[in-house]
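1. I would like the atomic coordinates for the input below:
(chains A and B)
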2 protein chains.
Amino acid sequence: MRKAEYPDEIKALVLQLKRLPGVGPRSAERLAVSLLTNKSSVATDLARALDTAARQVTACPVCGFFQSTGQPCPLCDAPDRDRGVVCVVEHPTDVIPLERTGAYHGLYHVLGGRLSPLDNIHPENLRIGELTRRLSSGGVREIILAVGSDVEGEATAHYLADHLAPLTATTPLTITRLAQGLPAGGGLEHADDLTLHRALSGRRAL
Amino acid sequence: MRKAEYPDEIKALVLQLKRLPGVGPRSAERLAVSLLTNKSSVATDLARALDTAARQVTACPVCGFFQSTGQPCPLCDAPDRDRGVVCVVEHPTDVIPLERTGAYHGLYHVLGGRLSPLDNIHPENLRIGELTRRLSSGGVREIILAVGSDVEGEATAHYLADHLAPLTATTPLTITRLAQGLPAGGGLEHADDLTLHRALSGRRAL
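-> Purely as a prediction, here's the structure:
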């Protein structure tokens, strides 16, 4: 006797859901079944939203943030942003928390990742050439390296600082980096050694 | 200055992803961005698989398991299944683990849930009328209640046993229930009191 299985359409859906980050075989099956047994139009609504987003959303060729096709980039084309400051981030998603602070009014440059030779991510895989060209055209007085504070982030920041050093000699450009230290609300007893070391060496006069 | 946000298409996609079980606001955003930044066709492939499955997959009107539209039910139409035994399960997904055992060769009946007055799930919300009609037409000699062993499962099993009792008087129908006891590989020290109680009261002669 052949064991009963899910119809091919469900298996195909499970296969696609398994490609999502953090979705394993069991949760893919659970998602597929819930999508299909739900009385309302969850599955078709999601299919439509996915299709629209996949067709309409592109990366801005200048800053690399998300952009709707045919619409100006919400960052590069904003009339009231300071065009003299460019904040370099790893991922387009890093822009949102920085915007949420309300403390930054300049432009962005999305690298598309960080240097990680072990994962085969080398300088030519990031949007570093675009960054150099963008800065060479002048008008930028500060570039803020807002990469992560882990090993790969450090390596990326150092590479960029070296790589952009010639520009600082010929143009009035300064390179800065996000401060590292104690997170807000964190007592000394919860800070790890490296964080504390960085907080100490980065101490500021009051 | 207006804070930059994701394009509307991404927000619409996040909204749809948040409707999935176990997907909160942050993981919906993570999934949406990963779907759109992925170089390959993950988003469109998933959209297509979802759309096909939503249009093609229906529930078999007899047993309630999944069925491709226009195709015979893989369970009800199998020529080599014992049509005299019907296994009653809560969800269509319960069929797969039972099939995997290889120990069951009969038909199925999916209730579509279990009795749970607190969640507003009453007998008329389950496929109990369909079950009664199916059994009334005769030919079934055993019905196996394969519902869960938690409170709602117990309540559902007792309700069904009461509800189907008249049929056992007029037709040669027996009602059975899955055995409850120690799970495979579990020592006595890991079993909770209720499991041990049930294992004891359900003991079998060797």
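2. all contacts plus neighbour counts: C-alpha atoms, from now on.
-> Will do.
3. lowest confidence element among the helices and strands of chain A?
-> Taking mean pLDDT, DSSP states H and E as the measure, the helix or strand of chain A with the lowest value is helix A:193-201, at a mean of 80.
4. show residues contacting it.
-> A:180-182, A:188 (C-alpha atoms under 8 Å, 6 or more residues apart in numbering or on different chains).
5. give me the pLDDT value at A:Pro172.
-> pLDDT for A:Pro172: 85.
6. could you look up the SS state of it?
-> Recorded secondary structure, A:Pro172: coil (DSSP: H, G, I helix; E, B strand; the rest coil).
7. next up, phi/psi of the residue nearest to it when sequence neighbours are not counted, please.
-> Distances taken as C-alpha to C-alpha, 6 or more residues apart in numbering or on different chains place A:Arg141 nearest to A:Pro172, at 5.8 Å, with adjacent residues excluded. Main-chain dihedrals, A:Arg141, degrees, to the nearest 10: phi -110, psi -20.
8. how about A:His109?
-> In this entry, A:His109 is assigned phi and psi values of phi -140, psi 110 (degrees, to the nearest 10).
9. report the beta-bridge partner residues of it.
-> A:Val88 (DSSP bridges).
10. do you know how far it is from chain B?
-> 14 Å (C-alpha to the nearest C-alpha, to the nearest Å).
11. repeat for A:Thr195
-> 26 Å.
12. hang on, the earlier thing: buried among the contacts of helix A:193-201? Make that a ChimeraX selection.
-> Per 16 or more other C-alpha atoms under 10 Å in any protein chain shown, the buried members of these correspond to this ChimeraX selection:
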select /A:180,181,182
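13. just put the contacts of helix A:193-201 in JSON lines and tack on secondary structure.
-> Converted to JSON lines, these look like this (three-state DSSP):
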{"residue": "A:Gln180", "secondary structure": "coil"}
{"residue": "A:Gly181", "secondary structure": "coil"}
{"residue": "A:Leu182", "secondary structure": "coil"}
{"residue": "A:Leu188", "secondary structure": "helix"}
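14. give me the pLDDT for the closest residue in space to A:Leu126 that isn't next to it in sequence.
-> Leaving aside its sequence neighbours, A:Leu126 sits nearest to A:Leu111 (C-alpha to C-alpha, 6+ apart; 5.3 Å). In this model, A:Leu111 is scored at 94, pLDDT.
15. so who does A:Leu111 touch?
-> A:Leu111 sits in contact with A:64, A:88-91, A:126-128, where contact means C-alpha under 8 Å, 6+ apart.
16. out of those residues, who's nearest chain B?
-> A:His91 (9.7 Å; C-alpha to the nearest C-alpha).
17. for chain B, what's the nearest residue on chain A?
-> For chain A, C-alpha to the nearest C-alpha, closest residue to chain B: A:Ala47, 4.2 Å.
18. now that residue, nearest residue through space, not along the chain?
-> B:Ala47 (4.2 Å).
19. and the one you found, what element?
-> helix B:42-56 (DSSP states H and E).
20. buried ones in that helix?
-> Result for helix B:42-56 [16+ other C-alpha under 10 Å]: buried residues B:42-54, B:56.
21. contact partners of it?
-> Outside helix B:42-56, the residues that reach it (C-alpha under 8 Å, 6+ apart) are A:9-10, A:12-13, A:16-17, A:19, A:36, A:43-44, A:46-48, A:50-51, A:54, B:35-36, B:68-69.
22. how about stretch A:8-22?
-> A:23-25, A:28-29, A:31-33, B:31, B:34-35, B:42, B:45-46, B:49-50, B:52-53, B:56-57, B:68.
23. give me the pLDDT for A:Thr44.
-> At A:Thr44, the pLDDT recorded in the model is 86.
24. and the end-to-end length of stretch A:15-32?
-> 10 Å (C-alpha to C-alpha, to the nearest Å).
25. how about the helices in chain A?
-> Here chain A has its helices, by DSSP state H, at A:8-17, A:25-37, A:42-56, A:95-101, A:128-136, A:151-170, A:193-201.
26. now the ones you listed in TSV, with distance to A:Leu115?
-> Listed next are the helices of chain A as TSV, based on distance: least, C-alpha to C-alpha, whole Å:
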stretch	distance to A:Leu115
helix A:8-17	29
helix A:25-37	31
helix A:42-56	27
helix A:95-101	19
helix A:128-136	11
helix A:151-170	5
helix A:193-201	21
